[in-house]
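>>> structural data only, the sequence is not supplied:
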């Protein structure tokens, strides 16, 4: 029998319920407001009183209104048809809602139940299987979507029967499994999973050992992110967070991209709906939207569902990872999620931590980042979830709880700098403050030696050193004046400008420059470092400045020209003559 | 509001703070309105049968035996075409001596538009001000605030923008507006003969601060009526959102909530987003554009109010006094319209974005030259030309008293380029130089 209860207190979307039976932490319940069932989640229990956060506006709710508990946590539905969908934070399909305005209590099915999928069996009768093993496959777009033994199944099963290749909808029983006690269980193409629990069902989670290409030089060359790695992008507003994030979404070398718009502007999501269907994935030549799922809880949508949205997104990624695919999760912005936690903690009158955030903020963030990673599946294949979150630090100050907690959890740090943004040096990723811990991994260094060129990591460090030396020189020049320093200071400064303008800066709106494959990144870095290795003599600092300015201009033209095309080599020739 | 016959009257308050009262009552719904000693109030918390009410006009003079009557529903606005041309207070009651509005009652602060039903904004809103049209082009469906110190003429600029914009309705939500500014808006709208498309919801400094909390929702409920039901282009002006946020902090403080940064409530981001995200381009022709004012304390944009606003809105317009020309200008460095690329070169001339970038870059070079000058370093010939250009650029294009078409703005910029620079120094694409350079 279901536990029921009645509402006894309301503050905004925090409701207290007097319950008549057992309830679980994070259990889902529905509150009946004059016939409209509003979903809510238990976040605290005290005796017979449960505090629940409601995923809708509580306007009009009264004490005494009835509540029914569901005996399950917040779940998502997994199955073919998730890709190219647009969901809200609770996985309701936003595209099938008819009204212009979102209606309270309107919950739509995330999957198309009628659509037929081309199913091919992988397992055969008699096979021994466990949770997450592959039973069959359907084509979702161009991706092989594996139909798996549901993750919740415990112990070993024997495949009793499996349907032959053919067209079936998601609710068709495609396999019957027999458990250790001899009982038969049906498996369809869909299953449910609670979002706050990580999907395991893999053999091991090794250290990441390869790079995920993004086509963005300041990431791939300077601070690469590993496949299955974690990174975050903090930055004040107006520093180009969204542009950088969209660039990664368009160009990231992944099979599946899940974008969680978490408490951000609705028009940014509209930009994705409008542009992505037109754009082509540079790695496969297919439409970008075919590999993309959008989880959209914009800033004006209910706050509690904002927290759910990042978990929903992560669970979808883990699902595709279990199929042996490379997934990329982009969450914009995790600060809004933290603020949602703060609002609830505040209403529950918990003792606050720094800046009124809940004291366990750090633990919650690091648990979430820990769900990313590369895994080795039971069948020996690998899958990965790479996670990049953005952080919106209050006042642009990086010494605030969300940034600090995230810094402890994420392995890559891409700090966006107001100063660089003001100078239109985009992407405004700070070359000195940012880091990638993956550059210190011996396995990653070996991977780069092999796939890019031997000694690559040392070259990247050389580039960073040039920038550091240039910064020191520029400080001295600013204090002492152009004439007050030796010529070598000017040369050092301009060498760092060379690296800055040619390698760090990249035009996200230029058809050629926006996407820079790693081979091209190697070519340009070698070229630039080759120039910086040379000694130059100048009569005066004006000559030094204008010579470097001209050189930078030519190198930038190379960035704008098709790689190893006629123009590219013509500019290369000009460079050769200049440095001869 | 009339009491209904069967309603129970409560007469025993248990607690009173500056902004709230609490009492024991049954069957009360969340967000519903009540009348306490003749003052309008709203339910903000229930705990068992203990109900906390926020009193919009303050609790001064409310006795513990005050009469409390619950009205059974949240604040509503009656919407119909009769709204046009009218002035209302924060509760939606006429301020202009005219009759009450006859129309459908709508709850204010209603649900959000399904993001999937939105369209990408694509219609240019020309304002005649080059600091906006040339450098920070506005698009219908956008939300953007003016960031300005209290001594800047932001209300005047906003009135100019509103009257020049090609929209069907202008809705003004005034929060903590001084009586003088209220009369200024009224007079400018009258003088422009635009009264028939104006709707105003006004809370002046003479009114209690907590009343302000109703103003944006009232204004936006009216806006949604015209945009969604009537497919009209609606421009909403909200001034001053800093005073709105201050009112939020008063209420949360009285409810013993733990403040976050700058003693603002932890929910400030969500509270502001709920308002600004009402800006929308609907799949029909209808749209809501929001231009707001956020006053700053000495240009400090790291304060919680402008900071949260900046993360929500699609850019900001920064007003600043220019010492060289003595004029108020739209700062080209700190201002930004995030949607400008949706219309530039598409709805405007092909050279728009290149001219904009070049003119701002040269203005930045002038700033560097100025720093050099101040530090006592020698100026090069290029520096001197930049400084002269900056003066002309500020006077002829950045100043807020400019009122010309976008084509004229582009031509003015080309004229200034030719006056002070060589084509190469502007860095503009050769094809455009060939076509537009004013030899």
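Everything's here; your move. Being a predicted model, the structure only gives us computed values, none of them experimental.

>>> show me the contact partners of stretch B:336-353.
Stretch B:336-353 has contacts (CB atoms under 8 Å, 6 or more residues apart in numbering or on different chains) with A:238, A:267, A:509, B:120-124, B:132, B:134, B:136-139, B:141-142, B:144, B:314-317, B:356, B:406-407, B:410, B:428, B:432, B:435-436. Placement of C-beta: from N, CA and C, glycine included.

>>> buried subset of those residues, written for ChimeraX?
ChimeraX command restricting the contacts of stretch B:336-353 to the buried ones, with burial defined by 16 or more other CB atoms under 10 Å in any protein chain shown:
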select /A:238,267 /B:121,123,124,132,134,136,137,138,139,141,142,144,314,315,316,317,356,406,410,428,432,436
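
>>> out of the contacts of stretch B:336-353, name the ones that lie in helices.
A:267, B:132, B:356, B:406, B:407, B:410, B:432, B:435, B:436 (DSSP state H).

>>> so which residues on the stretch 101-250 of chain A come close to chain B?
For the stretch 101-250 of chain A, the contact set with chain B under CB under 8 Å from any CB of the partner chain comprises A:101, A:102, A:103, A:104, A:236, A:237, A:238.

>>> wait, the last one sits on residue A:424?
No. Counting by CB atoms under 8 Å, residue A:238 stays clear of residue A:424, with 11.5 Å between them.

>>> the strands in the stretch 351-500 of chain A, which residues?
Using DSSP state E, counting those that start in this stretch, the strands of the stretch 351-500 of chain A run over A:373-376, A:382-391, A:412-413, A:435-436.

>>> from the residues of the stretch 101-250 of chain A next to chain B, pick the one nearest residue A:14.
Among these, residue A:104 lies closest to residue A:14 (CB to CB), at 16.8 Å.

>>> would you mind putting the strands of the stretch 351-500 of chain A into JSON lines with mean neighbour count and mean pLDDT alongside?
Shown next, in JSON lines, are the strands of the stretch 351-500 of chain A (neighbours: other CB atoms under 10 Å in any protein chain shown; pLDDT from 0 to 100):
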{"stretch": "strand A:373-376", "mean neighbour count": "21", "mean pLDDT": "97"}
{"stretch": "strand A:382-391", "mean neighbour count": "27", "mean pLDDT": "96"}
{"stretch": "strand A:412-413", "mean neighbour count": "22", "mean pLDDT": "97"}
{"stretch": "strand A:435-436", "mean neighbour count": "21", "mean pLDDT": "96"}
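
>>> now distance to residue A:214 too, for those, in a markdown table please.
Shown next, in a markdown table, are the strands of the stretch 351-500 of chain A (distance: least, CB to CB, whole Å):
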| stretch | distance to residue A:214 |
| --- | --- |
| strand A:373-376 | 17 |
| strand A:382-391 | 9 |
| strand A:412-413 | 11 |
| strand A:435-436 | 12 |
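
>>> ok, now how distant is residue B:222 from residue B:109?
Residue B:222 is 13 Å from residue B:109, where distance means CB to CB, to the nearest Å.

>>> who has more neighbours, these two?
Shown here are residue B:222 and residue B:109; by other CB atoms under 10 Å in any protein chain shown, residue B:222 has more neighbours (29 against 19).

>>> got the contact list for the more buried one?
B:77, B:79, B:83, B:171, B:199, B:201.

>>> show me where the stretch 201-350 of chain A has helices.
A:217, A:241-251, A:266-275, A:303-321, A:334-347 (DSSP state H, counting those that start in this stretch).

>>> now these as CSV including mean pLDDT?
As requested, those are exported to CSV (pLDDT from 0 to 100):
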stretch, mean pLDDT
helix A:217, 97
helix A:241-251, 91
helix A:266-275, 88
helix A:303-321, 94
helix A:334-347, 88
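
>>> residue A:538 is nearest to which of those?
So among the helices of the stretch 201-350 of chain A, helix A:217 is nearest, using CB to CB, at 28.1 Å.

>>> just checking, what packs against the least confident helix or strand in chain A by mean pLDDT?
Averaged element by element with mean pLDDT, DSSP states H and E, chain A has its least confident helix or strand at helix A:418-422 (a mean of 85). On a contact count with 3 or more CB pairs under 8 Å, 6 or more residues apart in numbering or on different chains; DSSP states H and E, helix A:418-422 meets no helix or strand.

>>> quick check: buried residues in that helix?
For helix A:418-422, burial by neighbour count (16+ other CB under 10 Å) applies to A:420, A:421.

>>> next one: that helix to chain centre, how far?
Computed by CA atoms, centre = their mean, to the nearest Å, the separation of helix A:418-422 from the middle of its chain amounts to 24 Å.
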